[in-house]
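A.B. asks: okay, here's the prediction I keep looking at, along with the sequence it came from:
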Amino acid sequence: MGDDGASELKRVRLRGARFEGGRLPIASLVELQKYQEIIQIAAAAEWRQEHPDEDLPADFAESLALTIERIEEGSADVFLAYEQQQAYVAYQDEAQEAADSFLVAAYSGSPLPSLSALDRDGDEIFRNALSLLGSSLEAEQSIEFYPGKPDSTPVVITQETRGQAIERLSRIEDFLIADEEPGESSGLHKAQESVVGHVTAIDAARKRFDLVLDDGSRLHGFYKSDLLLEDFRAVVHEAAKGPLTRIQGDLQTRNGELWRFWPATSIERVQFDEAPWGQRLAEFAGLRPGWDGSDAAQISSVALDGAQALLRQVESAGIARPGVFPTEDGGILVEWVSADGVLSVEVDAEGAFEMFTLRSGEQGGKHAAATSAIDAFRFVEGAQS
């Protein structure tokens with residue numbers, strides 16, 4: 001996906017004698033209407049989950065209306081697009097992903113995904129709408145839905161495959177959902193947070209981006225400010241080989257798993273030297289809040305920059321390589337431990353330096369504080385002499 005502003009098209013292909021030559025009978029338009037209804041159901045559930053005490057906007061359904069962009073020759077090869085690209089764009093994307101993931105699962109026999117935005121009634125309505133897809137098909141006719149890009153492997157709906165999918169969509173055990181409070185059942189949480197990774201794609205029209213983390217996991221997000229677009233363009237690389245980048249904003253998780261930024265509010269490059277400690281700092285940059293299994297804070301960018309500045313001085317002076325560790329307060333500890341004693345520099349989350357040294361055999365150590373990496377290094381250099 002590039003950033004040229006072109007909208008993503010949804011491909012639906014109808015096969016059979018009545019569709020040859022690109023013909024699309026009026027009676028078959030109902031299948032496209034059904035798909036639109038599925039999108040609208042999922043999108044409305046997403047919106048209500050995030051706005052539990054508000055009424056659905058009057059123009060919400062209209063903003064998710066689909067239009068036929070073009071029909072190509074052969075069997076009726078239809079390409080759909082949203083009539084309105086900007087209004088509620090995030091809900092458009094999430095709803096389409098939800099619909100496509102359910103279609104793929106229902107027609108492949110894989111486990112049906114969990115859509116946390118849907119309550120028990122909404123889940124039943126959504127599945128029922130999905131089961132109606134293909135109901136107008138006759139023998140030797142089929143509908144191909146292309147999840148994702150138009151050249152992806154299609155979900156093929158026929159009279160036969162539809163019967164099997166309906167069984168999967170209507171399994172009774174899937175409706176046995178315990179009554180829970182909305183906040184507990186949704187598993188959706190949002191917090192101001194940052195994540196470090198590589199930006200692999202941006203869509204300027206939808207103000208959307210994709211991010212790959214160092215562990216290979218992926219998430220996406222949306223931004224509101226047009227000022228961020230050039231920043232995203234400066235770091236994007238399709239093969240995840242662009243610069244390490246920190247994204248800050250409202251990060252949403254579902255059932256404890258990273259989901260999306262909505263919206264992202266800032267973006268910055270995170271650059272570390274090609275050194276063993278540089279790799280360590282890159283790992284610390286990717287730690288999320290609670291990385292210690294408890295209440296540890298995320299390591300701040302200021303602490304990372306301060307630690308790197310200090311370690312550069314240490315390396316240039318030929319001083320033995322220290323241990324480098326994250327601290328639960330969002331800082332970094334640089335420490336030398338040997339039979340001769342202990343020497344440490346802690347860079348706190350605000351970028352201040354706290355130094356300490358204790359020589360072997362001494363009863364009390366020496367403490368000092370500094371506001372710059374240079375002053376902290378002078379303390380280290382003096383303690384090493």
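C.D. replies: Everything's here; your move.
A.B. asks: shaky segments in this protein?
C.D. replies: Scanning the chain for pLDDT under 70 picks out 1-7, 85-87, 171-188.
A.B. asks: which other helices and strands does the helix ranked longest in it contact?
C.D. replies: For the chain, the longest helix by residue count, based on DSSP state H, is helix 29-50. Contact analysis of helix 29-50 by 3 or more Cβ pairs under 8 Å, 6 or more residues apart in numbering; DSSP states H and E lists strand 10-15, helix 60-63, strand 66-72, strand 76-82, helix 89-108, helix 120-131 as its packing neighbours. Placement of C-beta: from N, CA and C, glycine included.
A.B. asks: so the spatially most central residue of the chain, which of the three states?
C.D. replies: Centroid check for the chain by Cα atoms, centre = their mean gives L219 as the closest residue, at 2.0 Å. Three-state assignment for L219 (DSSP: H, G, I helix; E, B strand; the rest coil): strand.
A.B. asks: could you check the angle the longest helix of the chain makes with strand 66-72?
C.D. replies: Calculated by axes from the mean of the first three to the mean of the last three Cα atoms, to 10 degrees, helix 29-50 forms an angle of 140 degrees with strand 66-72.
A.B. asks: what is the orientation angle of helix 29-50 with helix 89-108?
C.D. replies: Using the same axes, to 10 degrees: helix 29-50 against helix 89-108 is 120 degrees.
A.B. asks: got JSON lines for the helices and strands packed on helix 29-50, with distance to G256 too?
C.D. replies: Shown next, in JSON lines, are the helices and strands packed on helix 29-50 (distance: least, Cβ to Cβ, whole Å):
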{"stretch": "strand 10-15", "distance to G256": "31"}
{"stretch": "helix 60-63", "distance to G256": "29"}
{"stretch": "strand 66-72", "distance to G256": "34"}
{"stretch": "strand 76-82", "distance to G256": "31"}
{"stretch": "helix 89-108", "distance to G256": "18"}
{"stretch": "helix 120-131", "distance to G256": "21"}
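A.B. asks: closest to T200 out of those?
C.D. replies: Smallest distance to T200 across those (Cβ to Cβ): 16.0 Å, for helix 89-108.
A.B. asks: next, the buried residues of the closest one.
C.D. replies: Neighbour-count burial for helix 89-108 flags 89-96, 98-100, 102-107 (criterion: 16 or more other Cβ atoms under 10 Å).
A.B. asks: one more: stretch 14-30?
C.D. replies: For stretch 14-30, a neighbour-count test (16+ other Cβ under 10 Å) marks 14-16, 18-19, 24, 28 as buried.
A.B. asks: go on, stretch 61-77?
C.D. replies: 61, 63-64, 66, 71, 75-77.
A.B. asks: export the buried residues of stretch 14-30 to JSON lines and tack on distance to L287?
C.D. replies: As requested, the buried residues of stretch 14-30 are exported to JSON lines (distance: Cβ to Cβ, whole Å):
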{"residue": "L14", "distance to L287": "50"}
{"residue": "R15", "distance to L287": "51"}
{"residue": "G16", "distance to L287": "55"}
{"residue": "R18", "distance to L287": "58"}
{"residue": "F19", "distance to L287": "54"}
{"residue": "L24", "distance to L287": "53"}
{"residue": "S28", "distance to L287": "53"}
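A.B. asks: and of those, the nearest to D226?
C.D. replies: Taking these together and measuring to D226 by Cβ to Cβ, the closest member is L24, at 37.9 Å.
A.B. asks: roughly how far does the residue nearest to that closest one when sequence neighbours are not counted sit from E83?
C.D. replies: Distances taken as Cβ to Cβ, 6 or more residues apart in numbering place A76 nearest to L24, at 4.5 Å, with adjacent residues excluded. Taking Cβ to Cβ, to the nearest Å as the measure, A76 falls 20 Å from E83.
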